[in-house]
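J.: My questions concern the predicted model and sequence given below.
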Amino acid sequence: MADPMRIRAQAQNGNAVVRVLMSHEMETGQRKDAAGKTIPAWHITEVTAQLNGKTVLTAQWGPAISKNPFLQFTVKGAKAGDKITISWVDNRGDKRTDEATVA
Amino acid sequence: MQTRRDLIKHSAVVAGLLAAALPLGAQAQAAGGFNRAAFDAKTMDELLKALGLGKPVESREVTLTGPDIAENGAVVPLAVASSAAGVKRLLLLVEKNPNILAGLFEVSDAVEPNMSTRVKMGQTSNVYAVAITADNKVLFAQKEVKVTLGGCGG
């Protein structure tokens, strides 16, 4: 669903800096459409990041995270060739997982 | 002397007690998933109550990095970091948003307690980075971010 996430993971001093750009509307539930009806909230609720299959970070997000969410974090002890997997679930139950290799 | 009837009755009572206790346990566990009560909180006090936290203490061990003036309230880049020992969670709060909690990060030992993301801000407001340590100390840093163009499409 939606476009693939863009994940860049760069090895740096024994760690990997991971930058992720996810593709999601992140509707707050505050906006009204042209007819005046409130557009229902639709946003990513949970994000999980894994290094080689082991979860290293989880996040819970509300609708206040911007559209097409950006996330940057640093994983310790990662080296080139390691696999970073990012998954998210939204409040409609949709989910998406993408992976990248640490450069 | 305990009859078979007594035994069964006793089990039923115990089962009843367990059944009553279980939903509470299950609810506490649900906090491991998406914590709706925390994300519905409108004020700092409501949020602290929803997360079961004590009074926060301003601390130099938490840093919040962001622009002084946000060009676009829909996309405000913010970074939260903490140098405190044993940080388990980092929270990002926007005081004047309809719901105060923007995001919550569960930090494991495998990541640095340092995250960046972008948030929507409805109006000029104080933003808080809150770090919660393993022994439930609540530390925070705050910064005022001015917003010229509100971030909720309104």
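T.: It's in.
J.: who's in contact with residue 33?
T.: Since no chain was named, I'll use chain A. A:Ile39 (CB atoms under 8 Å, 6 or more residues apart in numbering or on different chains). Every C-beta, even on glycine, is put in place using the N, C-alpha and C of the backbone.
J.: my bad, the chain I had in mind was chain B
T.: So B:Gly33 contacts A:Glu46 (CB under 8 Å, 6+ apart).
J.: Distance check, it against A:Asp98.
T.: Look at B:Gly33 and A:Asp98: by CB to CB, to the nearest Å, they are 21 Å apart.
J.: same question, B:Glu106
T.: Distance from B:Glu106 to A:Asp98, by CB to CB: 20 Å.
J.: now B:Val111
T.: 18 Å.
J.: So which of those two has more stuff around it?
T.: Neighbour count, other CB atoms under 10 Å in any protein chain shown: between B:Val111 and A:Asp98, B:Val111 has more, with 23 against 16.
J.: all strands for chain B, in order.
T.: B:57-58, B:62-65, B:69-70, B:76-82, B:87-94, B:101-107, B:114-119, B:125-133, B:138-147 (DSSP state E).
J.: mind listing the strands for chain A?
T.: A:6-12, A:15-21, A:44-51, A:54-61, A:70-76, A:83-90, A:95-101.
J.: Pull the contacting residues for residue 58.
T.: Since you didn't name a chain, this refers to chain A. The contact partners of A:Thr58, taken as CB under 8 Å, 6+ apart, are A:Glu46, A:Val47, A:Thr48, A:Ala49, B:Phe105, B:Glu106.
J.: um, chain B though
T.: Contacts of B:Glu58 (CB under 8 Å, 6+ apart): B:Leu139, B:Phe140, B:Ala141, B:Gln142.
J.: Closest one of the contacts of A:Thr58 to A:Ala11?
T.: Checking the contacts of A:Thr58 against A:Ala11 with CB to CB, the nearest one is A:Ala49 at 15.8 Å.
J.: What residues are bridge-paired with the closest residue to that closest one other than its chain neighbours?
T.: Closest residue in space to A:Ala49, ignoring its immediate chain neighbours: A:Leu57 at 4.2 Å, by CB to CB, 6 or more residues apart in numbering or on different chains. Beta-bridge pairing of A:Leu57 under DSSP bridges involves A:Ala49, B:Val107.
J.: Report how many residues lie close to A:Leu57.
T.: That count, for A:Leu57 with other CB under 10 Å as the rule, works out to 23.
J.: Check B:Leu93 too.
T.: Counted with other CB under 10 Å, B:Leu93 comes out at 28.
J.: Around chain A, which positions in chain B sit nearby?
T.: Within chain B, the residues that sit near chain A (CB under 8 Å from any CB of the partner chain) are B:33-35, B:38-39, B:74-77, B:79, B:94, B:97-99, B:101-112, B:114-121, B:151-154.
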